[in-house]
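Participant: What follows is a predicted structure for the sequence shown.
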Amino acid sequence: MEIEEAIKTAIVYEEKVADVYNKYAGKFKSKTGAKIFKALGKEEVDHVEYLKAKLAEWKKSGKVAIGTMETMVPDEKTLKSNIKNLKKIAKQDNLDNEIEYFQKALEMEVKTSNFYKEMVSQLPKEYRPMFERFVEIEEGHEAIVRAEIDAARGLGFWFDFQEFDLESA
């Protein structure tokens with residue numbers, strides 16, 4: 001895959017994921033769910049803008065400088081400290097629609113992550129780091145969305161770690 005095609009295709013993926021977040025952000029009853037969707041939606045829009053700038057750079061000079069890509073996805077320690085917010089969501093009623101919104105987002109995040117993983121394997125080495133960073137970020141988004149689904153369902157898991165053990169109780 002050539003870099004121009006990779007960037008153009010990445011823009012399409014990022015726009016689709018942003019559309020899911022932006023479409024459902026205003027439909028949440030829970031403030032936490034809405035806040036997460038708004039934040040992730042904004043980050044996906046930022047990705048689109050970054051990619052469009054890189055595409056313009058490529059068209060102008062035939063080169064792309066690999067810049068840094070920031071993310072709102074917190075580190076693991078911060079995520080664990082915010083588990084209380086997830087438990088608050090789990091105590092609310094009528095979350096079926098919200099779980100559905102998170103599932104739609106998860107589906108798009110998984111597709112996007114898989115796209116980036118495949119693209120990294122096909123790109124020339126000099127362009128891989130830019131898209132490897134996208135893999136990291138999108139996998140972080142997946143983790144957040146999965147955690148929200150688990151918390152809303154009250155499964156006792158958070159980021160694939162069991163919160164409690166029914167057998168030891």
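Facilitator: It's in. Numbering: from 1, shown residues only.
Participant: show me the contacts for the closest residue to residue 122 other than its chain neighbours.
Facilitator: The shortest distance from residue 122 to any non-neighbouring residue, by Cβ to Cβ, 6 or more residues apart in numbering, is to residue 1 (4.3 Å). From N, CA and C alone the C-beta is placed, and that goes for glycine too. Applying Cβ atoms under 8 Å, 6 or more residues apart in numbering, we find residue 1 in contact with 119, 122-123.
Participant: Weed out the non-buried ones from these.
Facilitator: 119, 123 (16 or more other Cβ atoms under 10 Å).
Participant: ranges for the helices of the protein?
Facilitator: Secondary structure of the chain by DSSP state H: the helices cover 3-24, 31-61, 76-81, 83-90, 96-122, 128-153.
Participant: If I look at residue 76, what pLDDT would I see?
Facilitator: Among the per-residue scores, residue 76 holds a pLDDT of 58.
Participant: again, but for residue 145
Facilitator: 88.
Participant: The one 10 residues further on now?
Facilitator: What the model reports for residue 155 is a pLDDT of 54.
Participant: Check the burial of the spatially closest residue to residue 103 that is not a sequence neighbour by counting its neighbours.
Facilitator: Leaving aside its sequence neighbours, residue 103 sits nearest to residue 149 (Cβ to Cβ, 6+ apart; 6.6 Å). Residues lying near residue 149 (other Cβ atoms under 10 Å) number 20.
Participant: And for residue 63?
Facilitator: 9.
Participant: ok, for it, nearest residue in space, not its chain neighbours?
Facilitator: residue 57 (7.1 Å).
Participant: what sits against that neighbour?
Facilitator: Counted by Cβ under 8 Å, 6+ apart, residue 57 has contacts 63-65.
Participant: pLDDT weak spots in this protein?
Facilitator: By pLDDT under 70, the low-scoring segments of the chain are 74-96, 154-169.
Participant: At the geometric centre of it, which residue sits there?
Facilitator: Closest residue to the average C-alpha location of the chain: residue 141 at 2.7 Å, with Cα atoms, centre = their mean.
Participant: give me every residue that touches that one.
Facilitator: Residue 141 makes contacts with 17, 40, 43, 73, 109, as judged by Cβ under 8 Å, 6+ apart.
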